[in-house]
Structures are given as C-alpha cells and as structure tokens.
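# need a structure here:
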Amino acid sequence: MDEQAKKTALRGITYGLYVIGTKTGEDVNAFTANWVTQTSFNPPLVAIAAKKGTTSCEGIKESGVFSVNVLETGQKDLAFAFFKPVSRVGNKFGDIEFYTSTTGSPILKDALSWFECKVVDVNERGDHVLFVGEVVDAGVHRTGDPLTLKETGLYYGG
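Residues are numbered from 1 along each chain as shown. Predicted coordinates for the structure are as follows:
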C-alpha cells in the first residue's frame, strides 16, 4: 500500500469537533473527539470512539453513558480546552461551566446543542473503543453552524 496515498485519502474524511462527557460514579470528565456519527434513525443511535486506556474511555465503559456536546463554529478554544486533562471544581472544568441532565454526564453551557446516550454496543478493536449509544435526551442552547475539524486547521487520519 502507498502510505502517503492512504494518509491523504483518509484525511479526506470530513469531521465535526465535539466534547464528549463521561461519568464515573459522581465524578465527571470530558474530552474532545471527532469520531462521532449517527448510525440509526429508529432507534436514534450514535457511534463515538474513545482512545483505549484513557480515563474517559474507562468512564464510559463503567457507567454505560455519555453526552455529546455539539460546538459552534468559532469555538476552537473550547474544543482545545479538552485536548488534555482539565481539572474539575464543582460545576466547572477550569472556567467552563457545565450541568447534568438525564445520564449525569456533563453538558457544556456554551455548547450549541447536546445529546445524551446510553451505551448499547461496544467494539474494542484497534487503539480506540467504538461505543454505540442510544439517544435518551437532547437539547438545543441556540441555533448556529457546528464547528468542523477543518476550521481548526487540524487533520485526522492516516
């Protein structure tokens, strides 16, 4: 296989950029992800991927729930805040406010919209774990255009 051609072709996949919320007991966590897609209308199913061995991945495995925070175009800094571990104090990650709803997973107050899922399937191949979740709750904070990976100048694939 031509490695450069593979990398170029895989980088042609378009991605959004999201903050995934997790829960372990009473503790919550969040990470930035771009592997998110709807996989079914009825029931409403969504697939996400989390890197194996991370606190977030283990939190989703343990709790069986997660939230997806849809970011708005221009919220690159919000997405970047969750590229590395963020300390939680009360209802804030640093100075980023969140609240919880049906699953107890964090929902960012500044997100464009959000939905929460109950895990219904897990696939542990490769270096990420694929979680399929059924949407159990959703909300919209405001209308706008979602943030894309391209807007950030980053690429993923290869």
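
# make it CA atoms for all contacts and neighbour counts henceforth
OK.

# What about residue 143, how many residues nearby?
Neighbourhood size, residue 143 [other C-alpha atoms under 10 Å]: 9.

# Pairing partners for the lowest-mean-pLDDT helix or strand in the chain, with directions?
Ranking every helix and strand in the chain by mean pLDDT, DSSP states H and E puts strand 88-89 at the bottom, with a mean of 78. Next to strand 88-89 in the sheet, as set by DSSP bridges, lie strand 92-93 (antiparallel).

# CA atoms only: put the helix or strand that the strand it pairs with is followed by into CSV for me.
Elements were assigned by DSSP states H and E; along the chain past strand 92-93, the next helix or strand is strand 96-100. Output of strand 96-100 as CSV, limited to C-alpha atoms (Å, rounded to 0.1, in the frame of the first residue of the first chain):
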residue,chain,number,x,y,z
ILE,A,96,-16.0,26.2,31.7
GLU,A,97,-19.5,25.7,33.2
PHE,A,98,-21.5,22.5,32.8
TYR,A,99,-24.6,20.9,34.2
THR,A,100,-26.1,17.4,34.1
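
# For strand 96-100, buried residues please.
With burial defined by 16 or more other C-alpha atoms under 10 Å, the residues of strand 96-100 counted as buried are 97, 98, 100.
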